[in-house]
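Chemist: Predicted model follows, preceded by the sequence.
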Amino acid sequence: MANLSNFPLLRTRAFINGNWCDADSAATFPVTNPANGDLIASVADVGVAETRRAIAVAAQAQPLWAQKTAKERSNILRRWFDLVLQHQDELAQILTIEQGKPLAEAIGEIAYGAAYIEWFAEEAKRVYGDVIPSASPDQRIIVIKQPVGVVAAITPWNFPCAMLARKLAPALAAGCAVVAKPASETPLSALALAALAQEAGIPAGVINILPGKDSAAIGGELTSNPIVRKLSFTGSTAVGKQLIQQCANDVKRITLELGGNAPFVVFDDADLDTAVTGAIASKFRNAGQTCVCANRFYIHRSIYKQFSEKLIAAMKQLSVGNGVDSGITIGPLISKNAVEKVQALVADALEGGARIGYQAELNKAINGQGHFYPPTLLLDVPRNAKLNQQEIFGPVAGLVVFDTDEEVIGLINNSEFGLASYCYTASAKRIKLLSEAIESGMLGINTGLISNEMAPFGGIKQSGWGREGSHYGIDDYVNIKYICEGF
């Protein structure tokens, strides 16, 4: 077991109504390090009863939280932001040992998550209404925005700090209370954030964190309980569809950030060095385990060979290993099942005629330990290969050749997903065409990094509903009320 004394913020019990609680059954579940399989901690394994209790206390706490002035909520959120940054290194170490990403990336994620808290601390003071000119002289039309009520949040394992902060911050800024279910692979980051929220002065019951292995049971209570007015979920499209059905009876508000299949397109006039830098950042960050990760690589025929050579040279600089070790840029995948999925997708592509352009050799010190997969480049990947249809969620890039703009736009849009896209070109005319023609919620032009707290994050088609971040991100946490005053 890891030496927990090194991490004062590492909590292993549920957080309900401002108290740290064991499961009613006293059951626990193990959290292990994906880099070596070591046990990090045994965490309270809560279920339906605790979920129901957390919802009840959130309902009691929410009106009092909403009654605070926007500036009061803003000041508390700002203190929370300050505390997160003060404990950035410790939070990053906790994140790395439970999730696996390199420590430098984990430090970046803590800053990224904190940025949402800071942003919505300011947005709390800008939940504006309207006075609308009336058609009648004896009436006045007023529009106000009010908190939606108790919010359920379900967060994934790949960004356990940032995804929770991205949901908690706008909910709290709007005056909502939250019951959150973190992924069972990575509950420790969520619990550490809750500890700092409590220290910042967020009242008991406003944030509740429910670690547990039985996601179906906990999620079932969150979606069926009529006290919960809104659900925010980040995860797979398949699970998102189930949650939509479960929320239908109460017509709950839903924000969904679901699966992606991001195309990465390099046109013949692109700056290839810039494109390679973007490909490394987009494809290999978090070992390829991001929802906006470049998934399908479409390279113009005239620069295909040159781009692939430059990409191989850049990939050779990647270093695979335990994320806590110095110089590591690629950590483990989250589980054995994740490795097996990547292996199957690569095997399918090779059977279809693809060939390996480059595959790193795993260091003997880690080979056989943890859930590692070597950074891999596949060339001449058939367009119908499974890795072009599914999220790879691993450090594998497969290159597909194209010839014309019309052809590649068709390839880009031929997907049920529409989360993110990346295109590299020097043509202003082409940029305008792509900006309007590509079916995705987000588009990076000549950059592989698009996520920040100031921009609206979200997708279209089967990649989700709603937006997170930016001034749009608070909209899903408020109800619009129209008031007609007669005189």
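Modeler: Perfect, I can see it now.
Chemist: Spatially central residue in the chain, please.
Modeler: Geometric centre of the chain, nearest residue: residue 163, 4.6 Å, by CA atoms, centre = their mean.
Chemist: Enumerate every residue touching the nearest residue in space to it that is not next to it in sequence.
Modeler: With CB to CB, 6 or more residues apart in numbering as the criterion, residue 163 has its nearest non-adjacent residue at 4.5 Å, and that residue is residue 155. For every residue, glycine as well, the C-beta is placed using N, CA and C. Going by CB atoms under 8 Å, 6 or more residues apart in numbering, residue 155 touches 163, 164, 167, 180, 181, 182, 183, 190, 234.
Chemist: Hmm, the residue nearest to the centre of the chain is touching residue 169, no?
Modeler: No. Using CB atoms under 8 Å, residue 163 is not in contact with residue 169; the gap is 11.2 Å.
Chemist: just the contacts of residue 155 now: which is nearest residue 427?
Modeler: If you rank the contacts of residue 155 by distance to residue 427 using CB to CB, residue 234 comes first, at 34.6 Å.
Chemist: quick one, what contacts that closest one?
Modeler: 154, 155, 156, 163, 167, 256, 257, 258, 291.
Chemist: The same query, at a cut-off of 7 Å, please.
Modeler: Neighbour list for residue 234: 155, 156, 163, 257 [criterion: CB atoms under 7 Å, 6 or more residues apart in numbering].
Chemist: Can you flag which of those residues belong to strands?
Modeler: Among those, DSSP state E puts residue 257 in strands.
Chemist: Including secondary structure and distance to residue 416, could the contacts of residue 155 go into CSV?
Modeler: Below are those laid out as CSV (DSSP: H, G, I helix; E, B strand; the rest coil; distance: CB to CB, whole Å):
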residue, secondary structure, distance to residue 416
163, helix, 22
164, helix, 27
167, helix, 25
180, strand, 28
181, strand, 26
182, coil, 27
183, coil, 24
190, helix, 30
234, strand, 18
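Chemist: in the protein, which segments are predicted with low confidence?
Modeler: Applying pLDDT under 70 to the chain flags residues 1-5, 365, 367.
Chemist: domain assignment for it?
Modeler: Domain assignment for the chain by automatic domain parsing gives 4-258+463-486, 262-452.
Chemist: Next, the distance between the ends of the shortest one.
Modeler: This means domain 262-452. Terminal residues of domain 262-452 are spaced 17 Å apart (CA to CA, to the nearest Å).
Chemist: And for stretch 437-447?
Modeler: Criterion CA to CA; first-to-last residue distance in stretch 437-447 is 18 Å.
Chemist: Use 3 as the first number from now on
Modeler: Let's use 3 as the start, then, which means that last one is stretch 439-449.
Chemist: Show residues contacting that stretch.
Modeler: Here stretch 439-449 makes contact (CB under 7 Å, 6+ apart) with 276, 280, 294, 411, 414-415, 420-426, 433, 437, 452, 459-463, 465.
Chemist: buried subset of those residues?
Modeler: 280, 294, 411, 414, 420-426, 452, 459-461, 463, 465 (16 or more other CB atoms under 10 Å).
Chemist: Give me the subset of the residues you listed lying in strands.
Modeler: 420, 422, 423, 424, 425, 426, 463.
Chemist: OK, contacts around the nearest residue to the second one once chain neighbours are set aside?
Modeler: Using CB to CB, 6+ apart and skipping residues adjacent in sequence, the residue nearest residue 422 is residue 294, 4.0 Å away. Residue 294 sits next to 262, 264, 421, 422, 444, 452, 453 when contact means CB under 7 Å, 6+ apart.
Chemist: same thing but 8 Å
Modeler: The neighbours of residue 294, taking CB under 8 Å, 6+ apart as the test, are 262, 264, 284, 421, 422, 444, 452, 453.
Chemist: and what of residue 330?
Modeler: Counting by CB under 8 Å, 6+ apart, residue 330 touches 104, 105, 321, 322, 323, 324.
Chemist: quick one: what helix or strand has it in it?
Modeler: Assigned by DSSP states H and E, residue 330 belongs to neither a helix nor a strand.
Chemist: what residues does stretch 13-25 touch?
Modeler: So stretch 13-25 is contacted by 30, 43-49, 52, 55-56, 59, 63, 190, 193-194, 196-197, 200, 205-207, 209-214 (CB under 8 Å, 6+ apart).
Chemist: Between the two ends of it, how far is it?
Modeler: Distance across stretch 13-25, first residue to last, is 14 Å (CA to CA).
Chemist: Mind listing what's buried along it?
Modeler: Buried, per 16+ other CB under 10 Å, within stretch 13-25: 13, 14, 15, 16, 17, 18, 19, 20, 22, 23, 25.
Chemist: what's the distance between the first one and residue 193?
Modeler: Between residue 13 and residue 193 the distance, using CB to CB, to the nearest Å, works out to 4 Å.
Chemist: repeat for the last one
Modeler: Using CB to CB, residue 25 is found at 14 Å from residue 193.
Chemist: where exactly do the helices run in the stretch 103-252 of the chain?
Modeler: Shown for the stretch 103-252 of the chain, the helices assigned by DSSP state H, counting those that start in this stretch span residues 105-125, 164-176, 189-202, 217-226, 239-249.
Chemist: so how far is the first one off the chain centroid?
Modeler: Right, the one you point to is helix 105-125. Its chain's average C-alpha position is 12 Å from that of helix 105-125, according to CA atoms, centre = their mean, to the nearest Å.
Chemist: what's the angle from that helix to helix 164-176?
Modeler: Following axes from the mean of the first three to the mean of the last three CA atoms, to 10 degrees, one obtains 10 degrees for the angle between helix 105-125 and helix 164-176.
Chemist: For helix 105-125, which helices and strands make contact with it?
Modeler: Other elements packing on helix 105-125 under the criterion 3 or more CB pairs under 8 Å, 6 or more residues apart in numbering; DSSP states H and E are helix 72-88, helix 90-101, helix 164-176.
Chemist: which one of these is the most hemmed in?
Modeler: Stretch with highest mean neighbour count among the helices and strands packed on helix 105-125: helix 164-176 (a mean of 29; mean count of other CB atoms under 10 Å).
Chemist: angle of it against helix 90-101?
Modeler: For helix 164-176 against helix 90-101, the angle by the same axes, to 10 degrees is 130 degrees.
Chemist: rewinding a little: can I get the buried part of the contacts of residue 330 as one ChimeraX selection?
Modeler: The following ChimeraX line selects those of these that are buried, judged by 16+ other CB under 10 Å:
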select :104,105,322,323,324
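Chemist: Show me the two of the contacts of residue 330 that sit farthest apart.
Modeler: Spatial extent of those (CB to CB) is set by the pair 105 and 322 at 14.3 Å.
Chemist: Would you state the strands of the stretch 353-489 of the chain in chain order?
Modeler: Along the stretch 353-489 of the chain, counting by DSSP state E, counting those that start in this stretch, strands occupy 357-361, 378-381, 398-404, 419-420, 422-426, 444-447, 462-463, 466-467, 480-488.
Chemist: I'd like the ones you listed laid out as CSV, including distance to residue 225.
Modeler: Formatted as CSV, those follow (distance: least, CB to CB, whole Å):
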stretch, distance to residue 225
strand 357-361, 42
strand 378-381, 38
strand 398-404, 34
strand 419-420, 23
strand 422-426, 27
strand 444-447, 27
strand 462-463, 23
strand 466-467, 15
strand 480-488, 19
